[in-house]
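Trainee: Compute the structure for the input listed below.
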Amino acid sequence: MKTNKVDFKNLNIDELKKQIESMRAELFGLRLSAATQPVKNYSQFSKLRKNIARALTIERQISQQADGSKGR
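Mentor: Next comes the predicted model:
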């Protein structure tokens, strides 16, 4: 999966949630396949987790801007 911060910032909140769900499903599939067969590229796990974290951060920023609250 080739995504970065710019891609996530251009999505609306619903599209972002769908993207997060698909990445989580992909990570789950990777974990299942790792349990049954050898993994060719272990870096996929960390890349996918980081992309999920990026998307969740952007989602949180968008929801805070919509609420009008800043920070903690």
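Trainee: After the one helix or strand residue 32 maps to, which helix or strand is next? Please name it.
Mentor: Using DSSP states H and E, residue 32 falls within helix 13-36. Sequence order places helix 43-67 as the next helix or strand after helix 13-36, per DSSP H and E.
Trainee: mind listing what residue 23 touches?
Mentor: 1, 48, 51-52, 55 (CB atoms under 8 Å, 6 or more residues apart in numbering). Just so you know, the C-beta spots here come from the backbone N, C-alpha and C atoms, and that holds for glycine as well.
Trainee: Just the buried residues of the residues you listed.
Mentor: 48, 51-52, 55 (16 or more other CB atoms under 10 Å).
Trainee: Now pLDDT and distance to residue 8 too, for the contacts of residue 23, in JSON lines please.
Mentor: Shown next, in JSON lines, are those (pLDDT from 0 to 100; distance: CB to CB, whole Å):
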{"residue": "1", "pLDDT": "55", "distance to residue 8": "12"}
{"residue": "48", "pLDDT": "95", "distance to residue 8": "14"}
{"residue": "51", "pLDDT": "95", "distance to residue 8": "8"}
{"residue": "52", "pLDDT": "96", "distance to residue 8": "10"}
{"residue": "55", "pLDDT": "95", "distance to residue 8": "5"}
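Trainee: Look up how far residue 31 lies from residue 8.
Mentor: Using CB to CB, to the nearest Å, residue 8 is found at 23 Å from residue 31.
Trainee: Pick out whichever of these two has more residues nearby.
Mentor: Neighbours were tallied for residue 8 and for residue 31 using other CB atoms under 10 Å; the higher tally belongs to residue 8 (21 against 11).
Trainee: what's the distance between the more buried one and residue 34?
Mentor: Distance from residue 8 to residue 34, by CB to CB: 26 Å.
Trainee: for residue 58, same thing?
Mentor: For residue 58 relative to residue 34 (CB to CB), the value is 28 Å.
Trainee: Equivalent analysis for residue 55, please.
Mentor: 22 Å.
Trainee: Contacts only, for the residue positioned nearest the centre of the chain.
Mentor: Nearest to the geometric centre of the chain sits residue 52, at 2.1 Å (CA atoms, centre = their mean). Contacts for residue 52 (CB under 8 Å, 6+ apart) come out as 20, 23-24, 27.
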